[in-house]
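1. Fold the following and give me the result.
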Amino acid sequence: MGKLGMIGRLGSARRSLPQVWAWGREARAAARRSNSGLGRVEAPKIRPSERRSPCWVGLALALGLASTGCRCEPEPPAEVSSEDCFQVCASSAGCPANDQRECAARCRRLAEQGRVSRANLEVQRLLGCAREHTCSNVFGEQPSACGSELRALERRLASCQPGSVRSRGVDGGSLVAESLGCLELRDCTPTRDAGALGGPCEAPSTCNAVCCSACGGERTLRVQACVHGRCASEQSACSMLADSERCRE
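-> Below you'll find the predicted structure:
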């Protein structure tokens, strides 16, 4: 309260000076108590309607995308190209007993076999080792380095060779599985010249073959199954297969 207000209050009330000063002290104390509360700021309360605002929806969406981003599958290894082989073999130009043409030819051949066998990972590892050991003749007849990488690739290529046939007993019958190697499942053709699925059978060989995926989709099998005197359906026959724990060997 200013001086004019104090004078007006004094004149209108016609109070004694001690009364006026007492009243002034009380007024100032009340003002201080009021001002002390100005520094406290309460946390804003979110109304139910505000929780559905676009800002909150956008924040929830961003957090959801961030949490799912870490679940992405890793990218498959890239295929080795002819240019990759040329660069690796050209780096050994100054090395003795290294034939660049032979080196590039074998590198391209292994790269193509790796593509068909889904062994791009093994080919990439062999190529990386060849870059580190320039004069080791990795793609020649007698390589002096990268033996473990080369053997891993050869095992992978051998495991993808088609033709092996295995038979085994299952609950209520038996099945025969022919390995098609690393052929894509969509490239497998089921047979139609034997017993129909669900029809009577005495042995797996009397049933039509179905195409099944194995090793997490890396290999394909053609399966015939006779269970409880009936030719097993595609779903039933494929469910009887157990993926190998050593699918990359």
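
2. For the protein, which segments count as strands?
-> 165-170, 173-179, 210-214, 219-227, 230-231 (DSSP state E).

3. for those, which one sits closest to Ala93?
-> strand 219-227 (39.5 Å; C-beta to C-beta). All C-beta spots, glycine's among them, are computed from the backbone N, C-alpha and C.

4. and that closest one, what does it pack onto?
-> On a contact count with 3 or more C-beta pairs under 8 Å, 6 or more residues apart in numbering; DSSP states H and E, strand 219-227 meets strand 173-179, strand 210-214, helix 234-239.

5. Pairing partners for the first one, with directions?
-> Going back to what we said before, that points to strand 173-179. strand 165-170 (antiparallel), strand 219-227 (antiparallel) (DSSP bridges).

6. Pull the residues that contact the first one.
-> Residues from elsewhere that reach strand 165-170 (C-beta atoms under 8 Å, 6 or more residues apart in numbering): Ser174, Leu175, Val176, Ala177, Glu178, Ser179, Pro204, Ala225, Val227, Met240.

7. and that strand, average pLDDT?
-> What strand 165-170 shows for mean pLDDT is 88.

8. Now it: buried residues?
-> Using 16 or more other C-beta atoms under 10 Å as the test for burial, strand 165-170 gives Val170.

9. and the nearest residue to Cys201 once chain neighbours are set aside, what are its bridge partners?
-> Using C-beta to C-beta, 6 or more residues apart in numbering and skipping the chain neighbours, the partner closest in space to Cys201 is Cys226 (4.1 Å). Beta-bridge partners for Cys226, by DSSP bridges, are Ser174, Cys231.

10. can you tell me how far Cys226 sits from Ala196?
-> 12 Å (C-beta to C-beta, to the nearest Å).

11. follow-up on the earlier one: surely the residue nearest to Cys201 and Gly198 touch.
-> No. Checked against C-beta atoms under 8 Å, the pair Cys226 and Gly198 is beyond contact range at 11.4 Å.
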